[in-house]
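A.B. asks: Predicted coordinates and the sequence they were generated for:
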Amino acid sequence: MIKLSVFKSLYYRILFLFISILMINFGGCCVYSFTGASVPKHLKTIAIPLAIDKSGSGEAGLGESLTSNLTQKFIDDNTLQVTNKNNSDALLQCTIVSLTDAPAVVAAGENVTSRRITITVQVVYKDLVERKTIFSKDFSNYGDYSTSNGGIAARNNAVQKAIDNISEDILLATVSGW
C-alpha cells in the first residue's frame, strides 16, 4: 500500500510538472496576431495622396506608380480601408527622395551584366484622429535587371519590382509594425 501511494504522488507531481511546462511554452501561441498588430483600434480608414517625386530621376510616372501600387496593397490587405483625406482616420504621405541605377554585377573585363534600381521613399504616417505622427522614416528597396537582354523593358520591370518591394515594406510597417 505504501508503495502505491508513493507512486501515485510521484505520478501526479510529474504530470503537474509536464502540464506546467506545456502551458508555459505553448499557452500563449494563439494570442498573437501579425496582421493589424500595431494599428490603433480607432483607426479604420487611411488616405494615400499622390506620392511626390523629388528624386530628380526624370522617371515618368514614378509617383503615380508608387501611389497606385501602395493603394492596391492596402486594398488587398484590408486592415485599413482606403478613402480620401477628408473622410480618413489616418494619412500616409510618401515622398520619393531618390532613384539610382547602378551596376549590380560586374563580370570579367569590367563588363556590367546586371544593374540595380534602388528607390528610397520618405514616409510619414499620421493619426488624424489624435493628431499625432505615428512614424516618419525612410524606406529603400530595389529591383535588378540584366544589361544583356531586355533593354528598356527590363529596366522598367526593375523599377516596378522596386516599387512593389518598397510598397510591401511600407504596408507591413503601417499595419504590423515590423
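C.D. replies: Received the coordinates, thanks. In this text, all values refer to a predicted model and were calculated from it rather than measured experimentally.
A.B. asks: Could you list the domains of the protein?
C.D. replies: 1-32, 38-175 (automatic domain parsing).
A.B. asks: buried residues in whichever strand or helix holds Ala154?
C.D. replies: Assigned by DSSP states H and E, Ala154 belongs to helix 151-175. The neighbour-count check on helix 151-175 (16 or more other Cβ atoms under 10 Å) flags 154-156, 158-159, 161-175 as buried. The C-beta positions use only the backbone N, C-alpha and C, and glycine is treated the same way.
A.B. asks: quick one: average pLDDT of stretch 169-178?
C.D. replies: The predicted model assigns stretch 169-178 a mean pLDDT of 87.
A.B. asks: Can you name the residues in contact with it?
C.D. replies: Applying Cβ atoms under 8 Å, 6 or more residues apart in numbering, the set of residues contacting stretch 169-178 from outside is 34-39, 46, 70, 73-74, 77, 79-80, 92, 94, 121, 123, 125, 135, 137, 139, 141.
A.B. asks: next one: stretch 46-58
C.D. replies: When contacts are defined by Cβ under 8 Å, 6+ apart, stretch 46-58 is touched by residues 59, 62-64, 66-67, 70-71, 74, 80-85, 87-99, 119, 121, 174.
A.B. asks: can you do 6 Å?
C.D. replies: 62-63, 66-67, 70-71, 80, 82, 84-85, 88, 90-92, 94-99 (Cβ atoms under 6 Å, 6 or more residues apart in numbering).
A.B. asks: measure it end to end?
C.D. replies: End-to-end span of stretch 46-58 (Cα to Cα, to the nearest Å): 29 Å.
A.B. asks: among the contacts of stretch 46-58, which are in strands?
C.D. replies: Using DSSP state E, Val82, Ala90, Leu91, Leu92, Cys94, Thr95, Ile96, Val97, Ser98, Leu99 are the members of the contacts of stretch 46-58 that sit in strands.
A.B. asks: Helix or strand: which one has the closest residue to the first one other than its chain neighbours?
C.D. replies: Counting by Cβ to Cβ, 6 or more residues apart in numbering, the nearest residue to Val82 once its immediate chain neighbours are dropped is Phe74, at 5.1 Å. Taking DSSP H and E as the criterion, Phe74 maps to helix 62-77.
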